[in-house]
Structure formats: structure tokens, C-alpha cells
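[1] Need coordinates for the following:
(one chain, ligands or ions: 1)
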Amino acid sequence: MKPYAIVSDIHAHAWTHFATTGADGLNTRLKITLDELRRAVIELQAAGGNTLYVAGDVFHTRGSMDPEVFNPTHAVFQELADEVSIRMIPGNHDLKGRDTTKLGNAIQTIGAIGGIEVVTGKVGRLFYNENVLMLPWHATKDQLRATIKGITDAWSPTIAASEVDLIIHVGIDGMLDGVPDSGLSAKEVASWGFKRVFAGDYHNYREAEDGKVISIGATSHQQWGDIGTKAGFLLVYPDRVDYRASHAPSFVELTGDTDPNDYFSTVDGNYVRIRGMKLTDAEINTFRAELTDMGARGVTFQVTREVVSARGSSTVAKATTLDQSVDQFVDQMKDVDPDHLALIKAGAAEILATVRSVAA
Ligand SMILES: [Mn+2]
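    Numbers count the residues shown, from 1 in each chain. The predicted structure follows:
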């Protein structure tokens, strides 16, 4: 049996952290991301498959286009379309507005490449070869629920949903640790009656409901919030799903609680953050050199400096006020999916923590 492949949450972007500009002018982290996409197709072909499904969030930045990101990404899809058939849906990051439109999604012209189809129609598209239904991003979960009910009602009794895999881009509760529930449970998703449901959006590969509901995960780690999550891609067989781990560098963390015996296996090939330690500048420099020797691709220290003045307590008091006002600001944002407020606050807190840490 030959598989098809699913990738999701590529988030092509000219990242600044740990990135440089390569000899070809390409952002080095964007190149790593695009190389992972190539690897997914190589592994798909090695397994005998010839269809790649892309479950949304091809691009990272919403509503604006960086030509140095768009052009190389477009070129890679053009190259891969010579090898396999590609079907894609836009994710929320690919959309300028809250809903999927042909006019307002960043991947639309990639669909003009021969062999690539971008699915934007509200009721999606059923691909009969693999029995896969792709549904694009819906502005609300209730709209998604209504669309799915409409489709399965219209199919009955000719097409059985239990024979069809559904690919969507929507956050499902419990698929990513640290994200509060937002009202779409794996149990409900399983109750829609599909053979399996594969979802992008939450950047972690995880299965629920006896393998009927699968969070695909991103193709590679993108930021510190990804620590501990599984990135990669899926090879989907009629009777099983093979998760292939990303070969791109991971974001990892060492704290005062990490066993030094685990340093090497943790940091080799990865982006490393040091937290929860009190170090002098000299110790930071030595530690950085050691981690680089162990193969760290980048090291960031977010530690307490050993030389600290009396600023401590008053700084903390002000910081609390800043945290609160950022949360209040986020709560007042109008053009944001309410489901994402908690994520935005967590992201803002992360940035504040970074800014407050020792910039070493
Ligand atoms: Mn995403």
C-alpha cells in the first residue's frame, strides 16, 4: 500500500533569531524550513507515494508578503510539483482576513503552478484517489461545524464519511500543552464520523481518540514556544500513520534542573536556551563555548546575572504592571479570533521574559 504525505504549519519566514543570510541571499532558517519540505517529498516517493497534502500556514506573516520569502517558497513548490501532486488549504496565517478567500490568501498563486491545487471553496474538495476531503480555514468553529454537517448530510448514503480522511486547519483541545481549551474537543471531532481527521494549527504531532484525530504538527520548530513539541510530517497509509520527525534544529532548554549528562544529547544540532541559573559574565562565556563545542546551533542565556544591584524589587513591581497592561491591551484587540487571545498573551509574556533577561 502506498501512502500519501501531509505537512502543515511550514511558517516560511525570514526569521532573525539564529539566522544569517546565506551565500545565495536566502535566510538560513528559511532554507532549513524549505529543505524539510523537500525531504518530505523525497521520503514520500521512497515509500512509493505521489501525493502531498499541505494543511495550511505555508507562510508565517499574515497579510503582508516578503518577496525574499515568497519567491524561494514558490520556487520550491514549483520544483516539488514536478515530482508529486500537491493539494493545499490556506491556514489562518495565510489569510489577510478572518475567513478564506481567493483574493486574500497568500498561497493562491502557488495554486497556479501545474500539479498544485489550492482548495478555497467553502465546502472544500473531495479527492477521490486517496478519499481525502480538504476543507479550508473557517472564521469560526460554528461555521466549520455547519459546513461539515452539510457535507456529510449531502453525501449520505452514497459516500460514507467513515471511508474518508478529513484534512483541516483548526485547533483541537488537548493537542498542544499549555494552550487553554477553546471548545473543539477531539471527542467532538471524532464524532463527525470520518475515518481519520488530520488537523494543522497547533504545532505538535499528537493523536487522540484511538488515532482517529491527529494533530499534524509543524514541519520544523520555529520559536521557544515549540520546546518539547513534535515537529515533522506524516506518511498516511490506509491502515496506519507514520510520523517522521523533523531533521531541522529544535528549540531546546537547559535549566538548573537538567542533568549535565543530558547536555550533549539535548543541545547537539539545536537552538539552546539557558534558564533558571545564576551565572557571572565569565561563566556565561565559558558555558556558551562548551555548548557550541557540543554542537549547539545557537545559544541564548536568559539567566540571572551574578552581579546584581539593589534594582531587583522595584523592577519586579514595575514589570508586573507592564504584564497586566499588555494582557489588558490584548483583551481589547478587536480583529483577533477570541480563541487565540490566550496564545497571544502567552507570546507577549514570552517576549517580555526575553527582553528582561540578560542579553548575553
Ligand atoms: Mn500555524
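[2] For the stretch 51-200 of the chain, which segments are assigned as helices?
    Using DSSP state H, counting those that start in this stretch, the helices of the stretch 51-200 of the chain run over 67-81, 141-155, 186-191.
[3] helices or strands up against the second one?
    Same thing as helix 141-155. Packing partners of helix 141-155 (3 or more CB pairs under 8 Å, 6 or more residues apart in numbering; DSSP states H and E): none among the helices and strands. Yep, even glycine has a C-beta here, placed from its N, CA and C like the rest.
[4] Need the contact partners of that helix.
    Residues from elsewhere that reach helix 141-155 (CB atoms under 8 Å, 6 or more residues apart in numbering): 122-124, 133, 135, 138, 161, 166, 168, 170, 182-184, 192-193, 339.
[5] any idea how far the nearest residue in space to Val76 that is not next to it in sequence lies from the ion?
    Excluding the flanking residues, the one nearest Val76 by CB to CB, 6 or more residues apart in numbering is Leu34, at 4.7 Å. Separation of Leu34 from the ion (CB to the ion, to the nearest Å) stands at 16 Å.
[6] ok now do His13, which residues does it touch?
    With contact taken as CB under 8 Å, 6+ apart, His13 is in contact with 27, 29-30, 33, 59-61, 66, 69, 222.
[7] of those residues, closest to Val213?
    Gln222 (23.3 Å; CB to CB).
[8] Any idea how many residues pack against the closest one?
    22 (other CB atoms under 10 Å).
[9] what about it, which SS state?
    Following DSSP: H, G, I helix; E, B strand; the rest coil, the label given to Gln222 is coil.
[10] what about Gly22, how many neighbours?
    The number of residues packed near Gly22 is 12, by other CB under 10 Å.
[11] Spell out which parts of the protein neighbour the ion.
    Counting by CB under 5 Å from the ion, the residues of the chain close to the ion are 9, 57.
[12] try 6 Å
    The chain has residues 9, 11, 57, 91, 93, 201, 203 near the ion, with proximity defined as CB under 6 Å from the ion.
[13] close enough to count as contact, the first one and His203?
    It refers to Asp9. Yes - here Asp9 reaches His203: they are 5.4 Å apart, a contact under CB atoms under 8 Å.
[14] which residues do those two both contact?
    Common neighbours of Asp9 and His203, using CB under 8 Å, 6+ apart, are 217-218.
[15] thinking again about what came up before, any idea which of the contacts of His13 has the most stuff around it?
    Within those, most neighbours by other CB under 10 Å means Thr33, with 27 neighbours.
[16] Next, the nearest residue to Thr21 once chain neighbours are set aside: phi, psi?
    Once flanking residues are discounted, Thr21 sits nearest to Asn27: 6.4 Å by CB to CB, 6+ apart. Per-residue torsions, Asn27: phi -60, psi 130 (degrees, to the nearest 10).
[17] List the residues that contact Asn27.
    By CB under 8 Å, 6+ apart, Asn27 lies in contact with 13-15, 19-21, 68-69.
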